[in-house]
Structure formats: C-alpha cells, structure tokens
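Engineer: take this sequence and fold it.
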Amino acid sequence: MSGFWGRRKRDHEELEAQDADLARRAQTAIVQADERIRVTTDELVFAEAELGPEATQELRDALEAVRLHLAEAFHLNQLNHDEIPDTREELRTRNARIVQLCDWAQELLDDRTESLAERIARARRAPEILAGVRTDAARLRDLLPQARETLTRLSARYSADALRQIEANPGEAEQLLGFAEHSAGVSDRRREAGQREQANLALEASTEAVRRAGTLIEAVETFEVEALRAESLLAAVVEDSRGDLVAVREAPQVPAVLDAARELERALAALPAAGVNTDPFTLLTRLREANGALDAAIAAARDREAHPVPDFAHVRNAIDDADRQLAVARDVIAGHRGWIGADARTRLAEAERLRLDLDRYLGASAATLTSIPEEHREQALAVARRSAFLASEGLQLAQRDIEAYRPQGWGESGSGAWGGQPQGWGGGRRGGGDLMGGIMGGLVIGSILDGIFD
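Structural biologist: Purely as a prediction, here's the structure:
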C-alpha cells in the first residue's frame with residue numbers, strides 16, 4: 001500500500017509542477033504578445049510612410065485580429081486571478097488557451113512583417129537603387145550598336161526565319177531603356193513630393209525594364225553561340241543518319257522500318273546546299289526526329305523479331321479455355337454454396353474480374369471477336385491465361401471444400417448416405433470424387449491441347 005500511495009503522491013507533485021510551469025508560460029506569453037503588438041504598431045506607421053497604406057493593408061488587418069484575440073487572452077488571465085475559486089482543470093485549460101492565442105499572434109505578426117521587410121529595405125535604399133538603374137541603362141545603351149552589328153553579321157549567314165526571334169531585340173531594348181530612365185525620374189519626383197507608394201512603384205518598374213533590356217541584348221549574342229553549336233551538331237547528326245541508313249539493310253525489313261528510313265532520306269535530301277542561308281535549329285530538330293524515329297523503329301522490329309506476336313488463333317484458344325474453366329468452376333461453386341469456403345470464392349471472383357477487364361481492354365466481348373490487333377494480343381493472352389489459372393485454382397479449392405464437408409461413405413452402396421440413397425452425385429456407384437476427378441481431368445486435357453498452340 002505504501003508503494004501505491006507513494007506513486008500517487010509523486011504523480012500529484014508532477015502535475016502541480018506542470019501546472020505551475022504552464023501558468024508561468026502563460027504570464028510570459030501574454031506580456032510578450034502585448035509588447036509585440038506595440039512594436040509592430042510602430043513598424044506599421046513607418047511602413048505606411050515608406051510604402052503607402054495599400055501595401056501595408058495585410059499587416060493592418062493582422063494587427064486588428066491579434067488585438068481581438070489577445071483581448072480574449074487578457075480576459076482568461078483575469079478569470080484566473082479574480083475572487084471566484086477555480087479548479088485545477090479550469091486553470092490548466094485557461095492557461096493553455098492563453099499560450100495558444102499568444103503563440104498564434106506572434107506567428108501571424110512574424111509572417112506579415114517578414115513579407116514587408118524586403119520592400120521596406122528597398123524603399124530605404126531607393127536612391128542607391130535608382131543610381132544603379134541609371135548606370136546599368138547607360139551601360140546597356142553602349143551595347144546596342146554592337147548588338148545591331150551582330151544582327152547584320154548573322155543575317156548574312158542565317159535565314160530570316162531563324163533570325164525572327166531576335167531581329168527586334170535591339171529596338172525593343174532601346175525602348176525599355178528609355179522607359180527605365182523615365183520611371184527613375186518619376187520615382188525621384190514622387191519621393192520628394194512625399195508620395196512614397198507611387199515612388200516605389202516607379203522604382204520597381206524602372207528596375208524591371210532595365211533587367212528585360214539586358215536580357216534582350218544578351219539574347220542576340222547568345223543566339224550566335226547557339227547557332228554555331230547547332231551547325232556543329234547538325235553535321236554530326238547528318239553523318240550518323242547516313243550510317244543508320246546503311247545499317248537499315250541489316251535490320252528487319254518491316255513496313256515501320258522502311259517508312260522511317262524513307263522519312264530520314266527525305267530529311268537529308270531537304271538539307272540546303274553550302275552557301276545558302278539556313279535555319280540550323282529547324283534543320284537540326286527535323287533531322288533528329290527522323291533519326292530517332294528510325295532508331296526506335298529498328299529497335300521495335302528487333303524486339304518483335306525476338307518476341308513474335310502470338311497469332312490470333314492462339315489468343316482465341318486461350319480465351320475459350322478461360323471461358324470454359326470459368327463456366328465449370330462457376331457451376332460447381334454455385335451447386336454447393338453451403339460447402340464452399342472463402343478461398344475458392346475469391347479465386348473465382350478474381351478470375352471473373354480479369355475476364356471482364358479483358359473485354360474492356362479489347363473494346364468488345366472477347367468471345368465474339370474475329371480479330372485482335374497485334375499490339376493487343378500479348379496482353380490479351382496474358383490476361384486470358386491468368387483468368388483460366390485462377391478459375392482452375394478456384395475449382396481445386398472448391399473440390400477440397402466439398403471433400404471436407406462430404407459425409408463419410410457418401411456415394412458408397414449401402415453406406416446410409418443422406419436420404420438413404422446408395423448412389424452418389426452421378427448415380428450408380430460413382431461418388432462425388434469421381435465426378436470432380438472427371439472435371440479436373442477434362443480441364444487438364446484442355447490445358448494440354450491449348451499448349452499445342454504455344
């Protein structure tokens with residue numbers, strides 16, 4: 001008994017310690033949350049001055065929500081210290097709720113202030129950023145003549161279709177730079193007028209315009225490098241394609257391979273003569289596609305050669321065998337429902353499900369089809385065989401269940417079988433085992449005959 005009372009005392013002391021720690025956490029959390037509201041309110045004033053009221057609306061809404069829920073926390077804390085006695089459970093529940101509300105308030109304010117931190121930092125650095133925008137704009141303007149010269153040089157080598165993606169880049173970049181310089185001036189003027197929100201919008205617009213102008217100018221130089229690389233790759237693909245056409249002679253001469261080879265020959269014949277302005281990207285893409293199609297056709301033909309497609313008669317025989325075994329298993333199980341266990345029923349149900357899946361896969365009743373596309377035969381054969389196998393398993397399990405439930409001496413002459421009849425299921429002296437043996441023997445013979453077609 002002393003051990004029991006000792007454990008209860010220790011449990012009581014541990015619970016008191018936990019309650020005391022929770023009460024301290026609640027007091028600390030409510031003070032920190034209240035102080036955080038005051039600090040964030042000051043930050044909101046500064047953020048509105050820098051970014052404008054629209055940009056700070058989410059923070060303002062968060063502060064209102066936090067004040068509302070913190071009022072609930074203060075009310076719960078007051079209930080803990082009023083003159084009305086409280087139970088330990090009541091105090092514990094209130095303190096836990098206070099901690100929860102204060103933690104939520106801190107997390108919400110952290111999320112809203114962090115989303116504004118970067119924008120506030122940009123606003124504080126506005127003069128520095130604008131100076132950088134003007135410097136970058138001047139540098140990019142100096143690159144415009146070089147970009148135009150590059151375009152002129154490229155036009156002597158590549159077709160108009162190839163250059164269409166970059167021919168307008170210098171002009172568009174020049175317009176963007178003008179817009180960036182104008183926006184920078186607007187930002188300066190709005191900030192001096194105290195219109196901080198508009199000043200920040202103009203600052204972001206000028207920064208983005210300079211970035212886009214730089215991308216357009218860089219794309220002109222990048223095009224030249226990529227075009228030279230495409231020409232080099234094109235030469236390699238041409239050589240590889242010619243080798244593939246030679247190798248076609250050793251590949252299976254099936255229609256798919258021959259069609260792919262002719263398409264590759266047409267792609268090679270369409271290559272322009274030397275000295276003609278070309279689009280290396282388009283030529284490379286077409287030749288790669290034709291080359292890849294020929295490789296895929298040869299691989300498929302060789303795979304098919306190694307794994308021949310089953311002929312329709314073979315698949316038809318497998319489907320008929322599945323239907324035959326399903327019919328036998330279905331009849332035996334239906335005729336002895338009270339004796340058949342879950343295993344046999346499960347095998348039959350799965351076999352029937354697969355048989356229905358086969359009809360859905362072929363898009364019609366497999367029993368009535370007069371042809372099956374080659375690409376579907378292997379799958380149809382596999383499903384039909386699996387269905388037949390499960391039906392056979394179900395029949396064997398059903399036979400086991402019937403043998404287990406059959407009374408001793410069933411079907412034997414003078415054995416006193418049910419109803420006093422000397423005959424078994426099949427009449428005369430043939431018992432149930434003889435009948436099931438005959439059924440199973442017929443299925444085995446059917447499987448052997450089906451194997452002749454393998």
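Engineer: for the helix or strand where Glu403 lies, packing partners?
Structural biologist: Using DSSP states H and E, Glu403 maps to helix 374-405. In terms of contacts (3 or more Cβ pairs under 8 Å, 6 or more residues apart in numbering; DSSP states H and E), helix 374-405 is packed against helix 312-335, helix 342-362, helix 432-451. Every C-beta, even on glycine, is put in place using the N, C-alpha and C of the backbone.
Engineer: ok, now with 6 Å
Structural biologist: In terms of contacts (3 or more Cβ pairs under 6 Å, 6 or more residues apart in numbering; DSSP states H and E), helix 374-405 is packed against helix 312-335, helix 342-362.
Engineer: how far does the helix or strand where Thr113 lies sit from its chain's centre?
Structural biologist: If you go by DSSP H and E, Thr113 is part of helix 88-124. From the chain centre to the centre of helix 88-124 is a distance of 34 Å (Cα atoms, centre = their mean, to the nearest Å).
Engineer: just the buried residues of it, please?
Structural biologist: Within helix 88-124, the residues scored as buried using 16 or more other Cβ atoms under 10 Å are 91-92, 94-95, 98-99, 101-102, 104-105, 108-109, 112-113, 116, 119-120, 122-123.
Engineer: do a quick rundown of the helices in the stretch 101-250 of the chain.
Structural biologist: Assigned by DSSP state H, counting those that start in this stretch, the helices in the stretch 101-250 of the chain fall at 126-155, 160-163, 169-192, 196-247.
Engineer: okay, the ones you listed in CSV with mean pLDDT and distance to Gly275 next?
Structural biologist: Below are those laid out as CSV (pLDDT from 0 to 100; distance: least, Cβ to Cβ, whole Å):
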stretch, mean pLDDT, distance to Gly275
helix 126-155, 90, 15
helix 160-163, 88, 15
helix 169-192, 90, 26
helix 196-247, 88, 13
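Engineer: output those in CSV, with distance to Ala256 and mean neighbour count appended to each entry.
Structural biologist: Shown next, in CSV, are the helices of the stretch 101-250 of the chain (distance: least, Cβ to Cβ, whole Å; neighbours: other Cβ atoms under 10 Å):
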stretch, distance to Ala256, mean neighbour count
helix 126-155, 40, 15
helix 160-163, 32, 16
helix 169-192, 43, 18
helix 196-247, 14, 17
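Engineer: of all these, which one is nearest Glu16?
Structural biologist: helix 196-247 (55.4 Å; Cβ to Cβ).
Engineer: one step back: distance to Ile340 added to the helices of the stretch 101-250 of the chain, as JSON lines?
Structural biologist: Formatted as JSON lines, the helices of the stretch 101-250 of the chain follow (distance: least, Cβ to Cβ, whole Å):
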{"stretch": "helix 126-155", "distance to Ile340": "81"}
{"stretch": "helix 160-163", "distance to Ile340": "73"}
{"stretch": "helix 169-192", "distance to Ile340": "78"}
{"stretch": "helix 196-247", "distance to Ile340": "60"}
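Engineer: run a quick neighbour tally on Ala274.
Structural biologist: Neighbours of Ala274 under the rule other Cβ atoms under 10 Å: 6.
Engineer: that one belongs to a helix?
Structural biologist: No: when classified by DSSP: H, G, I helix; E, B strand; the rest coil, Ala274 is found to be coil rather than part of a helix.
Engineer: circling back to that earlier point, winner for burial among the helices and strands packed on helix 374-405?
Structural biologist: helix 312-335 (a mean of 19; mean count of other Cβ atoms under 10 Å).
Engineer: by how many degrees do that helix and helix 374-405 diverge?
Structural biologist: 30 degrees (axes from the mean of the first three to the mean of the last three Cα atoms, to 10 degrees).
Engineer: quick one on the thing from earlier: of the helices and strands packed on helix 374-405, which is nearest Glu64?
Structural biologist: It is, among these and with distance given as Cβ to Cβ, helix 342-362, at 58.5 Å.
Engineer: and the average pLDDT for the closest one is what?
Structural biologist: In this model, helix 342-362 has a mean pLDDT of 93.
Engineer: could you check how far it is from the centre of its chain?
Structural biologist: The chain centroid and the centroid of helix 342-362 are separated by 31 Å, computed with Cα atoms, centre = their mean.
Engineer: got the angle for that helix vs helix 312-335?
Structural biologist: Using the same axes, to 10 degrees: helix 342-362 against helix 312-335 is 140 degrees.
Engineer: what's in contact with helix 342-362?
Structural biologist: 326, 329, 333, 365-366, 383, 386-387, 390-391, 393-394, 397-398 (Cβ atoms under 6 Å, 6 or more residues apart in numbering).
Engineer: dump it to CSV, restricted to CA.
Structural biologist: What follows is helix 342-362 as a C-alpha-only set of coordinates in CSV (Å, rounded to 0.1, in the frame of the first residue of the first chain):
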residue,chain,number,x,y,z
ALA,A,342,-13.7,-18.0,-49.0
ASP,A,343,-10.5,-19.1,-50.9
ALA,A,344,-12.4,-20.8,-53.7
ARG,A,345,-14.9,-17.9,-54.0
THR,A,346,-12.0,-15.4,-54.0
ARG,A,347,-10.2,-17.2,-56.9
LEU,A,348,-13.4,-17.3,-58.9
ALA,A,349,-14.3,-13.7,-58.3
GLU,A,350,-10.8,-12.6,-59.3
ALA,A,351,-10.9,-14.8,-62.4
GLU,A,352,-14.2,-13.2,-63.4
ARG,A,353,-12.9,-9.7,-62.8
LEU,A,354,-9.9,-10.4,-65.1
ARG,A,355,-12.2,-11.8,-67.8
LEU,A,356,-14.4,-8.6,-67.7
ASP,A,357,-11.2,-6.5,-67.8
LEU,A,358,-10.2,-8.4,-71.0
ASP,A,359,-13.5,-7.4,-72.6
ARG,A,360,-13.0,-3.7,-71.6
TYR,A,361,-9.4,-3.8,-72.9
LEU,A,362,-10.4,-5.2,-76.3
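Engineer: how much space between Arg386 and Pro53?
Structural biologist: 70 Å (Cβ to Cβ, to the nearest Å).
Engineer: neighbour count winner among those two?
Structural biologist: Taking neighbours as other Cβ under 10 Å, Arg386 and Pro53 compare with Arg386 leading, 18 against 12.
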